[in-house]
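[1] missing the sequence, but the structure's below:
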Ligand code: FES
Ligand code: FES
């Protein structure tokens, strides 16, 4: 029997929404410490060059406290492959490269000092195409790469396979091959990147006010870079102005800021300008996907063969490991009997890509879902039908070993197919009807993503301390991090549900590594799942302690007790005692103990083996979207008219916050589909501002019809699964399918710009004339 | 040779003292010709609730009201604020410290995620609501014409938000206008 829930599932505003709306919330750029200096970074002017520096002019500028270059500091290289020098020595490999840094009394002086540093460059020809970088005679792009692979410019490779590929190929009625290419999209968080470093000159300990989303990994990486003990570094996380994956890696500017503070013995702050944000923060991985796939006479998927070349840029970030997720989509989204997957990340002199909400999955889903439409057309099957008969099912263990204990894929598809049916029947596009200026079409796409964390680090766990003070106020100290998604609020709701304490009498502490217990960080949509379970574990322990004292006070033997409205009472409500009184009696009477409990939760997931097989997550999330577009054949403009979203969320924890994640994710997906591309030319970024890099605005928002599907996964808190990344993942694929459906043209790259639409129409008309 | 001041800032030319009302208080400040209102507010007066996200007039995070008109403070020169009446997010709070109706609507509708756009968004909405209040109801019917959803979306175009997808922001505005100026059903 499901317990009656009072709070969970309700739409409750974020706990700190009022603070954020009041203008009092302190973001990184708002921090001011006594005696604080301002840091600025000199970056290269050329993507590939040797260089030498002359600091004389800059050093004499009044107000400059210190200038550092690679020659002045003793640090280790960063990134998980340790292929990234913090300050570059003698040569630069991409337009983001840091070559010197200044700390000064004001931001203006710091910037002026940077301008006064003289750099002599010996310009080299950059290698900006990953396929050029794979040529035998290509220059070595990153000399710290380690040479582990068959070519010096390969940064990482992944190989995966299941099933009998050749047998399935032979069994296929249709086999198609296509190349898909995906652009560089950037997070464009509204809050610019920032850090404030404060080195205590007496103890040499370092406090960093940093917007990282993985504070404990960051602490360790920072310690490695600076060659100091991790426990001498304290990370305080101010409120973050948007994350979306951009704060998963530690970047050179953060180590540089720490170095400037250690050098000067004063706090130092670095805040990016918007231009710097566009140039120097990571992007979604651009990639070329070659996909061959087959379908049998019944429309069942037979095999998929995938070769991916990813433009890694000049250094490696966590983003290079996105194939972990990409291969899941190819191996396990819809049933498929055989799969072979190979991906390589290739060094180029472009800016390096990082991790971004969806972690490779939007790219994979785009290629896969476009291919499904092509296969459907080739065997003469309806696009909804082919998806429905191949949908994943509960209980399925996929070729990769993912175990779908619960699975709402089929239901998600049913919902969006049904809801979009009327519009679909009246859409006037399609290959056969090519009249009129405006043509409409509907496209479908699904997605599969980890829904219960992902065991890619040694632990995927999270620690929690929960305590109740003698006045009945509850404090949750959680290892997890809040980056705007609302995890604090969900935790407070869980505690309220279980302890009968009003949500406004619960606070969540989560921003200080000196205080909070360990957690791997915000990624893989894991926070509500992992931190929620961790909190439930701590509460179970705490409740036992409180109950035993309450039973004593109530003299009720071993009767079942309930926690309601600040009281502990017998189930029938006949006898009760105030919760705060129980806590006081615990403190001041026998057994003289605190009302506090600790718990560390480790999800029931496995490490994958060397062939990437294994049940990597505690649960799996599914979604389907149907999207209606209208295309203007004169201008090439695509307007999104309606978005239907059905998502298997396990269980809705907070309806309002969930909708917020859906709306925000879908709009980012629309941006990815139609507008957003960080353009690079010869290693230079040519649109580093909001004017030329177009984010969706309020006017670009279509109606979004959201239907949550609840499958109650036994591993999730109250049955819930991760939700944060999913809404963005299928959107671009569904839009591309809708455009293709409207016009009868192939769309094989993003963004679907007006120029691309017009070109596709022209090619099509040309072909029709020839025919 | 250019003389450099103690602070290293460029030589003082035409520095001017401005007097204006900020959140109901009279402020007197010397400003350089190119000092932006945003710098004056954030760096000189410590009013850091107004955010800086692009500094080039493209995102609206720095929106404040100058004589009841919403402007991007990063592009508005501080010297031009002389004699004017400025309202920032800090001035929106009620005397007792409570949130203003616009802020409350945003909170209640779940329109705040990371919150970085929220100050600017709230100021833009404040201007929009004020303007609606300035349109008198039709004297004959006693009815008011409220902006459509598309109108509201259009008016918020200059304020970027990367988190919410705008829907709940527009919901908040619609509900607030309806509550304040809506025609009884
Ligand atoms: S900071 Fe002023 S418009 Fe962006
Ligand atoms: S809430 Fe994050 S930018 Fe709007």
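    Noted; the coordinates are in hand. Here the structure is a predicted model, which means the values were calculated and not measured. Numbering: from 1, shown residues only, chains lettered A, B, ... in the order given. Ligands and ions are numbered 1, 2, ... in the order given.
[2] can I see the domain layout of the chain?
    Went with chain A since none was named. As given by automatic domain parsing, the domain ranges for chain A are A:17-24+A:461-601, A:31-125+A:192-240+A:247-280, A:358-448+A:612-770.
[3] my bad, the chain I had in mind was chain B
    Taking automatic domain parsing as the reference, chain B has its domains at B:16-92, B:101-181.
[4] Count residues in the vicinity of residue B:94, would you?
    11 (other Cβ atoms under 10 Å in any protein chain shown). Placement of C-beta: from N, CA and C, glycine included.
[5] Can you classify the closest residue to chain B within the stretch 101-250 of chain A as helix, strand or coil?
    Residue nearest to chain B within the stretch 101-250 of chain A (Cβ to the nearest Cβ): residue A:241, separated by 3.4 Å. At residue A:241 the chain is in coil, as set by DSSP: H, G, I helix; E, B strand; the rest coil.
[6] Roughly how far does it sit from residue A:173?
    52 Å (Cβ to Cβ, to the nearest Å).
[7] Including mean neighbour count, mean pLDDT and distance to residue B:166, could the domains of chain A go into JSON lines?
    Formatted as JSON lines, the domains of chain A follow (neighbours: other Cβ atoms under 10 Å in any protein chain shown; pLDDT from 0 to 100; distance: least, Cβ to Cβ, whole Å):
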{"stretch": "domain A:17-24+A:461-601", "mean neighbour count": "20", "mean pLDDT": "91", "distance to residue B:166": "15"}
{"stretch": "domain A:31-125+A:192-240+A:247-280", "mean neighbour count": "20", "mean pLDDT": "96", "distance to residue B:166": "20"}
{"stretch": "domain A:358-448+A:612-770", "mean neighbour count": "22", "mean pLDDT": "94", "distance to residue B:166": "4"}
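[8] would you list these in CSV and tack on distance to ligand 1?
    Formatted as CSV, the domains of chain A follow (distance: least, Cβ to the nearest ligand atom, whole Å):
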stretch, distance to ligand 1
domain A:17-24+A:461-601, 15
domain A:31-125+A:192-240+A:247-280, 7
domain A:358-448+A:612-770, 7
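[9] among these, which is nearest residue B:163?
    domain A:358-448+A:612-770 (4.9 Å; Cβ to Cβ).
[10] Does chain B have contacts with the closest one?
    Yes: Domain A:358-448+A:612-770 comes into contact with chain B (Cβ under 8 Å from any Cβ of the partner chain), by way of A:656-657, A:659-660, A:662-668, A:689-691, A:695, A:697-699, A:701, A:704.
[11] and that domain, how far apart are its ends?
    This stretch, domain A:358-448+A:612-770, spans 42 Å end to end (Cα to Cα, to the nearest Å).
[12] the more surrounded of residue A:241 and residue A:173?
    The residue with more neighbours, out of residue A:241 and residue A:173, is residue A:241; 28 against 15, by other Cβ under 10 Å.
[13] my read: the more buried one touches residue A:26, true?
    No: using Cβ atoms under 8 Å, residue A:241 is not in contact with residue A:26, being 11.1 Å away.
[14] Without its sequence neighbours, what residue ends up closest to the residue of the stretch 101-250 of chain A closest to chain B?
    Among residues not flanking residue A:241 along the chain, residue A:191 sits closest, at 1.5 Å (Cβ to Cβ, 6 or more residues apart in numbering or on different chains).
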